[in-house]
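In: structure here, sequence nowhere to be found:
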């Protein structure tokens, strides 16, 4: 049976996301204002926008960002430096991308070390999420990446960047990740979570956070109303 949530309850799961390369300062300001008004958990923006988002948020909504995004093919010292700068700029949460190739060739020690390097600069009280790009992995690789994330001290595992050609979150991948971490870590479903059915299905499968660019439209659908103005497609 599909779970039942109020719009406010669903909003509390959402990282309202704007990671388009062409995003502008005005887009980020609008995202923060809309995300705060909707009651979303956070806004997720590119590293160059963290300081602006934190200033605009003024404590009304948390600010998340990304690291090693979207390919994950950055050396660990660069990922760590990027994460450290975002923390210095005020980011509450950092979503890092693993080296997916390392996972595909079975080098999970390298995956764990990469995550640990970023964890070392994301201090206690700041959340580290690990993007494993689940659609590009086998079930066995998903499980191993989740175990490496936990061993490295991550707070969440996350399905997808939303930029990979293999696709984004699925109910199966979310469920497998949730089973693997067993409530010890959070699970973020992102990439392709576009409708109310997608959102509720992901939560029912075990997601504790959702990455969404179309939060306004989904929350309006749940409330049974039509937005006064078309929702911005971030």
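Out: Cool, got the structure. Everything quoted here is computed from the prediction, not taken from an experiment.
In: now residue 117: how far from residue 222?
Out: Distance of residue 117 to residue 222, given as C-beta to C-beta, to the nearest Å: 39 Å. For every residue, glycine as well, the C-beta is placed using N, CA and C.
In: try residue 207
Out: Distance, residue 207 to residue 222, using C-beta to C-beta: 16 Å.
In: so between these two, which is more surrounded?
Out: A direct count of neighbours by other C-beta atoms under 10 Å for residue 207 and residue 222 places residue 207 higher, at 27 against 19.
In: how about that one, what does it touch?
Out: Residue 207 makes contact with 13, 169, 174, 178, 187-189, according to C-beta atoms under 8 Å, 6 or more residues apart in numbering.
In: give the contact list for the residue nearest to it when sequence neighbours are not counted.
Out: Nearest non-adjacent residue to residue 207, counting by C-beta to C-beta, 6 or more residues apart in numbering: residue 189, 4.1 Å away. Residues counted as contacts of residue 189 (C-beta under 8 Å, 6+ apart) are 158-159, 169, 174, 202, 205, 207, 209-211.
In: where's residue 189, which helix or strand?
Out: strand 186-190 (DSSP states H and E).
In: in its sheet, what does that strand sit against?
Out: strand 156-158 (parallel), strand 209-212 (parallel) (DSSP bridges).
In: looking at it, residue 77 is touching residue 117, isn't it?
Out: Yes - using C-beta atoms under 8 Å, residue 77 is in contact with residue 117, at 7.0 Å.
In: residue ranges in this structure under the pLDDT threshold?
Out: 1, 226-234 (pLDDT under 70).
In: can you tell me the centre-most residue of it?
Out: In the chain, the centroid-proximal residue (C-alpha atoms, centre = their mean) is residue 211; its distance is 5.0 Å.
In: quick revisit: same list (the strands paired with strand 186-190) but as JSON lines, adding distance to residue 45.
Out: Below are those laid out as JSON lines (distance: least, C-beta to C-beta, whole Å):
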{"stretch": "strand 156-158", "distance to residue 45": "16"}
{"stretch": "strand 209-212", "distance to residue 45": "12"}
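In: please identify the deepest-packed of those.
Out: Of all the strands paired with strand 186-190, strand 209-212 has the most neighbours on average by mean count of other C-beta atoms under 10 Å, namely a mean of 29.
In: tell me which residues are up against it.
Out: Against strand 209-212 from outside (C-beta under 8 Å, 6+ apart): 13-17, 41, 44, 95, 129, 156, 158, 162, 186-191, 193-194, 199, 202-203, 218.
In: now it: how far from the chain's centre is it?
Out: Between the mean C-alpha location of strand 209-212 and the chain-wide mean there is a distance of 6 Å, by C-alpha atoms, centre = their mean, to the nearest Å.
In: can you mark which positions in the next helix or strand after it are buried?
Out: Per DSSP H and E, the first helix or strand lying C-terminal to strand 209-212 is helix 215-223. For helix 215-223, burial by neighbour count (16 or more other C-beta atoms under 10 Å) applies to 215-222.
In: cool, and stretch 183-194?
Out: 185-193.
In: next, give me the two most distant ones among those residues.
Out: 185 and 192 (21.3 Å; C-beta to C-beta).
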